[in-house]
Structures are given as C-alpha cells and as structure tokens.
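> Build me a model:
(2 chains)
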Amino acid sequence: AQSVTQPDIHITVSEGASLELRCNYSYGATPYLFWYVQSPGQGLQLLLKYFSGDTLVQGIKGFEAEFKRSQSSFNLRKPSVHWSDAAEYFCAVEGGSYIPTFGRGTSLIVHP
Amino acid sequence: DAGITQSPRYKITETGRQVTLMCHQTWSHSYMFWYRQDLGHGLRLIYYSAAADITDKGEVPDGYVVSRSKTENFPLTLESATRSQTSVYFCASRPTNTGDQPQHFGDGTRLSIL
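Below you'll find the predicted structure:
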C-alpha cells in the first residue's frame, strides 16, 4: 500500500523569503511523485513530477523538488516566494496500482 | 476550448434528493476520476473509470453511482443525498494510467446538502 504525509497544515512565510513544503511517502519501491497547487475556487494544477532520473526536478512558477530515497521524502522548494504563491499545495504518490494517493495538503500563507 | 469542465459549479439541495454532477473532457483521455475534498482529508477518490463502460470503486464509494457510456463524460450521481456528502467534488482525467502522466482537474463543484 502507498501513503503520503504532509506534516504541515499551514505554513506562513514573508514575501521574498524561501519556502520548503514537506512531503513524506510510504511505498516499497520508487514511486511516481507529484506536487499540485490549488488556488481558491479552482482545481489542482500540476507543478512538477518525478518518476526516474535526476532527483532534483524543476517545475513551473519557479518551484523545484528533490527526491530523497533514504528519507522517503519529496520536499517542494522555492527560493523567493511571491504573494501570488499563496494557495493549497498537495503532494501525491503513485505506486503499482497507478492510482494516486494525495496528502491532506498544506496551506501557504504569504505575508507582505 | 479543450479541457475538462464540471457542471454545475455550485449546487444546493436537500437531504433525500437525487443530484447528478457532470464532468466532460475534450481530450479523449481514457481514465477519469471523481474525488471529494473535505477539510482535513485532502482529496479522496470516490470512483474511477478506465474506459467507457468500465468503472471501479475508490476509497469512499458509498452513496454514489457513476456511469460512463461515452469516453468524454463521467457523471456522478448521489441517489439520495445526505448532509455528510456536502463537499467540493473534483473530476480529473489522464490519457493513460501510467504514473508518468499527471491528472488534469476540473474547477470543481461545491455541493451543499441541507
């Protein structure tokens, strides 16, 4: 079985500060990993994905994530946050069933 | 325009009523999914479909019915709505069910059951 944990329900950062959102997964092999962003009143949009190769993946809007097998983590990072990044962020893991499991989400609050 | 659309965007109904949420995609994706989003639970899978006339249960299927007579449509029906089904519902699609293909989501239907 696969599972994913996003330990932080809310994260508050100041505009211009760096950001790291945590994601830990459980799966017996290397899974497929995704980060999605949800703006208010909208559906989820893919930020980036990992399924093999380079463990540091680049996504849209200046985001990146690093796959660390030893820590079963896939944390999302951004060097400088903009007010428009305020949203809900979801990590998802997908194993052999090819049905993704989503984390509970982390709400990002950006202070001016 | 190509994409995935859900209708209605907002719906208020009463307990015991039947309500159908519509989902339409223009990409001819094989796979389609229905999720509900509740505070503290993230996204939970209700049903999914691998192709027309092929559907399967997800994590929380009780009280819901789906059908898929055409590839592009995947309606979700609450046959007798209950207050616990008040939620935001999202439809998603993907071309195949290999893990390198992300899902594409609609903008959701906010359903309130009084």
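> Would you mind measuring from the residue in chain B sticking out farthest from the centre to A:S52?
Most distant residue from the mean C-alpha position of chain B: B:D100, 21.7 Å away (CA atoms, centre = their mean). The gap separating B:D100 from A:S52 is 8 Å, by CB to CB, to the nearest Å. For glycine as for every other residue, the C-beta is placed from the backbone atoms N, C-alpha and C.
> In this structure the residue farthest from the centre of chain B contacts A:Y50, no?
No. If you go by CB atoms under 8 Å, B:D100 and A:Y50 don't touch, sitting 9.6 Å apart.
> what sits in contact with each of these two?
A:Y32 (CB atoms under 8 Å, 6 or more residues apart in numbering or on different chains).
> Quick one: neighbours of B:T26, just the number.
Look at B:T26: counted by other CB atoms under 10 Å in any protein chain shown, it has 12 neighbours.
> Surely it touches B:K70?
No. Judged on CB under 8 Å, B:T26 makes no contact with B:K70 at a distance of 12.0 Å.
> how about the residues of chain A that lie near chain B?
Contact residues (CB under 8 Å from any CB of the partner chain) of chain A with chain B: A:31-32, A:34, A:36, A:41-46, A:49, A:51, A:90, A:94-95, A:98-100, A:102-105.
> buried subset of these?
By neighbour count, with 16 or more other CB atoms under 10 Å in any protein chain shown, the residues of chain A next to chain B hold A:31-32, A:34, A:36, A:43-44, A:46, A:49, A:51, A:90, A:94-95, A:99-100, A:102-105 as buried.
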